[in-house]
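S.K.: Take this sequence and fold it.
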Amino acid sequence: MATTRVMAAATSTSCTLILKRPPSFHSVKRSLSFTPTLSRKLFTCRAIHRPEDVVSKEHGQPETLDYRVFFEDNSGKKVSPWHDIPLQLGDGVFNFVVEIPKESSAKMEVATDELYTPIKQDTKKGKLRYYPYNINWNYGLLPQTWEDPSHANSDVEGAFGDNDPVDVVEIGEKQRKIGEILKVKPLGALAMIDEGELDWKIIAISLDDPKASLVNDVEDVEKHFPGTLTAIRDWFRDYKIPDGKPANKFGLGNKAANKDYALKVITETNESWAKLVKRNIGAGELSLV
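M.R.: Here you go, the predicted structure:
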């Protein structure tokens with residue numbers, strides 16, 4: 001059993017939500033506390049588990065059906081990488097959980113229907129799934145976000161959410177590890193439509209990357225990482241074609257939206273997650289633990 005220490009958020013971390021109407025503060029469930037800010041119509045959600053460091057532990061052998069990567073806090077208590085790691089660190093910086101390291105092909109994902117939502121390798125008809133070719137960027141999720149399958153997005157052809165956390169494509173030079181938690185800043189967003197479902201791809205870079213200070217919006221990506229936005233779009237457009245499926249489509253003019261739009265996506269999906277864990281929306285088979 002391998003153990004990897006990965007940094008998470010400090011205890012003051014919070015994620016900010018924009019509300020259209022004042023929420024009820026009397027029936028908050030699980031690991032949320034809400035603080036209203038009436039002048040801006042904002043409130044803050046905070047996870048109970050805000051450890052300064054988290055341990056990720058592998059169970060089973062990689063590339064087997066039993067393989068899982070669980071997360072524990074300092075006391076040895078299991079925590080969920082989806083629900084219990086805070087989203088926002090402040091100053092436009094967010095936590096990002098790595099599911100798939102760059103230059104690898106095993107299709108790893110957070111098991112949203114299992115207790116403590118560990119990372120596992122996806123399966124189809126009982127067999128492990130692999131991409132037909134390596135992914136060229138670190139790939140994973142933004143914790144405390146959720147793409148609501150009951151919500152039709154009017155900006156993106158009325159497509160409904162895919163029932164998963166929001167995906168991140170981290171463009172830094174270093175290959176990361178499964179279960180590593182990075183501090184990233186969003187740079188843009190691609191609105192992928194996968195078999196009719198909206199599956200956002202947030203383009204981001206880790207703060208410890210040598211080029212992080214040079215890129216702050218989508219136009220900077222094109223300047224300092226030329227061709228990367230097109231390569232990301234084309235990779236996600238085409239990766240299912242070798243399996244006989246049609247190419248994925250993209251909304252928003254088939255281009256990456258800017259940083260402000262990416263932050264809007266993060267805020268809205270964070271709000272959807274908050275409604276989910278408060279049981280204001282049915283969870284179905286999703287684990288809220």
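
S.K.: Thr230 belongs to a helix, doesn't it?
M.R.: Yes. Assessed by DSSP: H, G, I helix; E, B strand; the rest coil, Thr230 belongs to a helix.

S.K.: where's it relative to Tyr130, distance?
M.R.: 24 Å (C-beta to C-beta, to the nearest Å). (Each C-beta comes from the backbone N, C-alpha and C, glycine too.)

S.K.: And for Ala274?
M.R.: 34 Å.

S.K.: of these two, who's got more company?
M.R.: Ala274 (24 against 14; other C-beta atoms under 10 Å).

S.K.: for whichever strand or helix holds that one, what is the average pLDDT?
M.R.: Element membership for Ala274, per DSSP states H and E: helix 259-277. On average, the pLDDT along helix 259-277 is 98.

S.K.: tell me which residues in it are buried?
M.R.: Buried residues in helix 259-277, counting neighbours by 16 or more other C-beta atoms under 10 Å, are found at 259, 261-262, 265-274, 276-277.

S.K.: for stretch 150-158, same thing?
M.R.: 151, 153, 156.

S.K.: same check, this time on stretch 177-187
M.R.: Under 16+ other C-beta under 10 Å, the buried positions of stretch 177-187 are 178-187.

S.K.: Generate a markdown table for those, with distance to Thr64 and pLDDT as supplementary columns.
M.R.: Shown next, in a markdown table, are the buried residues of stretch 177-187 (distance: C-beta to C-beta, whole Å; pLDDT from 0 to 100):
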| residue | distance to Thr64 | pLDDT |
| --- | --- | --- |
| Ile178 | 14 | 98 |
| Gly179 | 17 | 96 |
| Glu180 | 21 | 95 |
| Ile181 | 24 | 95 |
| Leu182 | 26 | 95 |
| Lys183 | 31 | 95 |
| Val184 | 30 | 97 |
| Lys185 | 35 | 98 |
| Pro186 | 34 | 98 |
| Leu187 | 36 | 98 |
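
S.K.: Inside strands: which ones of the residues you listed?
M.R.: 181-187 (DSSP state E).

S.K.: Widest-spaced pair of these?
M.R.: Ile181 and Leu187 (18.8 Å; C-beta to C-beta).

S.K.: Tell me where the stretch 151-289 of the chain has helices.
M.R.: 218-224, 228-238, 259-277 (DSSP state H, counting those that start in this stretch).

S.K.: of all these, which lies closest to Gln88?
M.R.: helix 259-277 (8.0 Å).

S.K.: Distance check, Ala191 against Val265.
M.R.: Counting by C-beta to C-beta, the gap from Ala191 to Val265 is 8 Å.

S.K.: where does the stretch 1-150 of the chain have low pLDDT?
M.R.: 1-52 (pLDDT under 70).

S.K.: Swap in 90 and give it another go.
M.R.: For the stretch 1-150 of the chain, residues meeting the criterion pLDDT under 90 lie at 1-54, 74-75.
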